[in-house]
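In: coordinates only, sequence not included:
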């Protein structure tokens, strides 16, 4: 399985049954030119996150509107951020799976100062879920978010 999960929590947070993320992987499109509207901050092609948001809503989670976020601090091509209930979710797309894996530590920076959080990468996508308000101390909502995100099709 390609992908990693990193948890950050001052107290013990047990998040189990993580599902691999991938069905929401961006379609194969040529990368945006540097300096273009879609290169780092989102722009018109920032819809790569919509399948993930739809999956969250289908699972009964309250996913608000997502806005473009600067991908440069995370080494990502594009990022969006928004709220899922009272938690923050950052969704980024990277040039390739290796870039996403390399961006894990940078995605953890999004959780700086948070009470709990999780970072997950799969293929070209990176997710950082953070609880800045201390409303999910046992990680149940974070786990539900991770489970709701699309999984890759089974091989075979």
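Out: It's in. These numbers come from a predicted model, not from an experiment.
In: alpha carbons only for contacts and neighbour counts from here, please
Out: Will do.
In: In this protein, where is pLDDT below threshold?
Out: Along the chain, the parts satisfying pLDDT under 70 run over 1-46, 150-156.
In: where do the helices sit along it?
Out: 50-58, 97-102, 104-110, 140-148 (DSSP state H).
In: Nearest to residue 125, out of those helices?
Out: Closest to residue 125 of these is helix 97-102 (CA to CA; 6.3 Å).
In: can you list the residues that contact that closest one?
Out: 3, 4, 75, 76, 93, 94, 121, 122, 123, 124, 125, 126 (CA atoms under 8 Å, 6 or more residues apart in numbering).
In: Now it: buried residues?
Out: Within helix 97-102, the residues that count as buried by 16 or more other CA atoms under 10 Å are 97, 99, 100, 101.
In: now do stretch 85-99
Out: Quick answer for stretch 85-99 (16+ other CA under 10 Å): 86, 87, 88, 89, 90, 91, 92, 93, 94, 95, 97, 99.
In: Okay, and which of those residues map to strands?
Out: 87, 88, 89, 90, 91, 92, 93 (DSSP state E).
In: doesn't residue 127 make contact with the fourth one?
Out: Looking back up the chat, that one is residue 90. Yes - under the criterion of CA atoms under 8 Å, residue 90 makes contact with residue 127 at 5.6 Å.
In: Return every residue with contacts to both of these two.
Out: In contact with both residue 90 and residue 127: no residue, using CA under 8 Å, 6+ apart.
In: Let me see the contact set for residue 56.
Out: Going by CA under 8 Å, 6+ apart, residue 56 touches 62, 63, 145, 148, 149.
In: nearest spatial neighbour of the third one, skipping sequence neighbours?
Out: Okay, so that is residue 145. Distance criterion CA to CA, 6 or more residues apart in numbering; nearest residue to residue 145, sequence neighbours excluded, is residue 56 at 6.6 Å.
In: Could you measure from that neighbour over to residue 138?
Out: 19 Å (CA to CA, to the nearest Å).
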